[in-house]
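Asks: after the sequence you'll find the predicted model.
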Amino acid sequence: MNATGKPRSRKERGIAMIVALLALTLVAVIGVAFMFMADTENSVNNNYRDSQRAYFAARAGIENVRYLLMPGNVLNASAAALTMPSSTGGVIYVKNPNASETIVTIDPTTQSGNTVATNPYLDTELCQEQFGGLNLHQDANVACNSTSSNTPQLMSSSTYYAAPTLSSTDIPFTGSDNALLYKWVRITNKQNFMGLVNQRMDGSQGPGAQVCWTGIKEVAVSGTCAAQPTPMMPVWLLTGLAITPGIGNSPGARRMEQMEVALAPSFSVLPPGVVSAQAPITIKGNLQVNGYDNCNCTSTGGNLTGKTCDTTKYAIYSGNSVTQNGNSATLTSGQNPAVMQNVNPWPLSIADLISQYEAEATPATAAPWNVSCTGTPNLTAVPAVYSNCGTTTGQQFGTYPTGLPTSSAGSVPQVVYMPGSVQLSGNTSGSGVLIIDGDLNVNGGLNFYGLILVRGQINFTGGGSQNVNLYGSLLAGEDVNAQDIAESDSIGGSFNFRYDSCALKQKPIVNVGPPKLLAEHEISY
């Protein structure tokens, strides 16, 4: 009987159970679907995390190698000596094994397997660079492989490369369980033909021409970078491979990254004038300034034997006004007039040059000079505040040549850094680069062969006993007052400056930092 008093049909018996079972099944299916979705999302997140770990590990490896390429570091000399890649060399692999790996087992060639499944360390990108000397073929937009009919695509033996043995001092935690996840970083020179984009950087040069860094731009050259008439450095391609370990159902990730880097070429500071200053220059007294380059010119602008006289240098070069009091000063130059003033924009940064030279300089506060400086500098104040390094008498900042004006024999150049304002007196002499990080007062004789670089103001109040007080150039940031006041016979004469590029090239600025990052590419192979 049902609620209405009518008998229940035999066919309706158990329907509630069926409905309940259907509902339970539906809920179960929905639950399983949510579990599957959650598991899929976890897998996606894990894969993304592993991929990101591998990406940053590859970058870390490249940055590690970039540091090791600094001048004086362990990889610099071997990388500088690299030829263009071929089947017999021109490639370096920096390997980073963990505790269960060795330098030998990390093998980028087919000797340990010709697929990523059998050899996860395989270099599946090198063929894409299309180095002619390697004779490796490639399929467009496909990782280098062993199954293509377009073979060979993979390196077959270790004769292609060198693999230096490095320690944990060079690569943190290498050979241990805590080793970084990058497995190798490949170092090669960059060539003119850019394989990844299938085009030449410079259409006038061959595809295998080496690419060099001028300090301003990349250029493809005939021959090597070292053989060029102007300083250039090779552009290195650093390609890194990182592999994260598989965990559970996650197979781990394999990522590659590439950077183009180059050291800044060393360069000599060749100011445009014998006396160059960004601020106003006042000339007083019997000053003599000759812009004809003593390295290749006679004092009157003739060619020295076997050389061509450089007549492009000014006697005085200023970013502001030049004032001459009286007519006693003699200014000689191949330029007419011999004075260039109100130069805008000013082509040189005194602060940057001091910073670059300071890295390789010996401080004047050290032996043998032992200069004592007081006060705290404030270079951002207006006017700037400098330390006070007092007065030095008869100091030798390097060894002045004995064969001038025709020979620089006996010159022993040094780069010396004076960390504040100073007064030089008593026949100061030297050779190389003298950096004054403040004001310079010269009261007495001065005999210097090279560059005097001054952040602040310069004041000359006396001549020396030599015919020429300075061979080279004087480069200053603030006012220059050159005044001849003969105080005694021991000083005597007048200040006499002569441009000399040979003197200025004795101590070029040498890069001491890591290679500059020029470009970066993420590689999908």
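Replies: All right, it came through fine. Note that the structure is a prediction, hence the values are computed from the model and not measured.

Asks: what about residue 28? Give its phi and psi, please.
Replies: phi -60, psi -40 (degrees, to the nearest 10).

Asks: that one: neighbouring residues, count only.
Replies: Other residues near residue 28 come to 10 when the count uses other Cβ atoms under 10 Å. (Each C-beta comes from the backbone N, C-alpha and C, glycine too.)

Asks: compute the distance between it and residue 35, please.
Replies: The spacing between residue 28 and residue 35, counted by Cβ to Cβ, to the nearest Å, is 10 Å.

Asks: show me where the stretch 151-300 of the chain has strands.
Replies: 182-189, 193-194, 199-200, 210-213, 218-221, 233-234, 236-243, 254-262, 273-277, 281-284, 288-290 (DSSP state E, counting those that start in this stretch).

Asks: so which of those strands is nearest residue 120?
Replies: strand 236-243 (5.6 Å; Cβ to Cβ).

Asks: mind giving me the packing neighbours of that closest one?
Replies: Using 3 or more Cβ pairs under 8 Å, 6 or more residues apart in numbering; DSSP states H and E, the elements in contact with strand 236-243 are helix 15-68, strand 182-189, strand 254-262.

Asks: how far is it from where the chain is centred?
Replies: Relative to its chain's centre, strand 236-243 lies at 19 Å (Cα atoms, centre = their mean, to the nearest Å).

Asks: hmm, back to that, between the strands of the stretch 151-300 of the chain, which gets the lowest average pLDDT?
Replies: Among those, strand 281-284 carries the lowest mean pLDDT, at a mean of 84.

Asks: got the CA coordinates for that strand in CSV?
Replies: The C-alpha trace of strand 281-284 is given here as CSV (Å, rounded to 0.1, in the frame of the first residue of the first chain):
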residue,chain,number,x,y,z
ILE,A,281,91.8,77.3,-19.0
THR,A,282,93.9,80.4,-18.2
ILE,A,283,97.4,80.7,-19.8
LYS,A,284,100.0,82.9,-18.2
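
Asks: tell me which other helices or strands that strand touches.
Replies: strand 314-318, strand 322-325, strand 480-483.

Asks: if we go to 7 Å?
Replies: On a contact count with 3 or more Cβ pairs under 7 Å, 6 or more residues apart in numbering; DSSP states H and E, strand 281-284 meets strand 322-325, strand 480-483.

Asks: by mean pLDDT, show me the worst of the ones you listed.
Replies: strand 480-483 has the lowest average pLDDT among these, namely a mean of 54.

Asks: just checking: what are the partner strands of the helix or strand just after that one?
Replies: Proceeding N to C from strand 480-483, the next assigned helix or strand is strand 496-499, under DSSP states H and E. Sheet pairing of strand 496-499 (DSSP bridges) gives strand 288-290 (parallel), strand 470-476 (parallel).

Asks: any idea how far residue 364 is from residue 424?
Replies: As for residue 364, its distance to residue 424 is 11 Å (criterion: Cβ to Cβ).

Asks: in this protein, what helix or strand scores lowest on average pLDDT?
Replies: strand 480-483 (a mean of 54; mean pLDDT, DSSP states H and E).

Asks: mark out where each domain of this structure begins and ends.
Replies: The record's domain parsing of the chain by automatic domain parsing lists 42-266+513-525, 273-504.

Asks: tell me where this protein has helices.
Replies: Secondary structure of the chain (DSSP state H): helices at 15-68, 76-80, 126-129, 350-358, 501-504.

Asks: that older thread, and among the strands paired with strand 496-499, the most buried is which?
Replies: strand 470-476 (a mean of 26; mean count of other Cβ atoms under 10 Å).

Asks: if we can go back for a sec, who wins for proximity to residue 419 among the strands of the stretch 151-300 of the chain?
Replies: strand 273-277 (20.9 Å).

Asks: just for the chain, where's the confidence low?
Replies: 1-14, 34, 36-46, 247-251, 462-468, 478-494 (pLDDT under 70).

Asks: how about 50 then?
Replies: Filtered on pLDDT under 50, the chain yields the residue ranges 484-493.

Asks: quick one: residue 432 and residue 414 touch, right?
Replies: Yes: between residue 432 and residue 414 there is a contact under Cβ atoms under 7 Å: 4.5 Å.

Asks: more neighbours: these two, which one.
Replies: Using other Cβ under 10 Å, the more surrounded residue of residue 432 and residue 414 is residue 432, with 24 against 18.

Asks: burial count for the closest residue to the more buried one other than its chain neighbours?
Replies: Spatial nearest neighbour of residue 432, excluding adjacent residues (Cβ to Cβ, 6 or more residues apart in numbering): residue 413 at 3.2 Å. Other residues within reach of residue 413, judged by other Cβ under 10 Å, total 22.

Asks: so what's residue 413 up against?
Replies: Residue 413 makes contact with 398, 431, 432, 450, 506, 507, according to Cβ atoms under 7 Å, 6 or more residues apart in numbering.

Asks: same check on residue 346?
Replies: 278, 319.

Asks: how many neighbouring residues does the closest residue in space to residue 339 that isn't next to it in sequence have?
Replies: Spatially, and ignoring its direct neighbours in sequence, residue 339 is nearest to residue 316 (4.5 Å; Cβ to Cβ, 6+ apart). By other Cβ under 10 Å, 27 other residues sit near residue 316.

Asks: residue 316 and residue 276, how far apart?
Replies: Residue 316 is 8 Å from residue 276, by Cβ to Cβ.

Asks: list the residues that contact both of residue 432 and residue 414?
Replies: Joint contacts of residue 432 and residue 414 (Cβ under 7 Å, 6+ apart) are residue 398.

Asks: I'd say residue 163 and residue 103 touch.
Replies: Yes: here residue 163 reaches residue 103: they are 6.0 Å apart, a contact under Cβ under 7 Å.

Asks: which residues do these two both contact?
Replies: With Cβ under 7 Å, 6+ apart as the test, residue 163 and residue 103 both reach residue 95.

Asks: which residue packs closest to residue 317, ignoring adjacent ones?
Replies: Nearest non-adjacent residue to residue 317 (Cβ to Cβ, 6+ apart): residue 273, at 2.9 Å.
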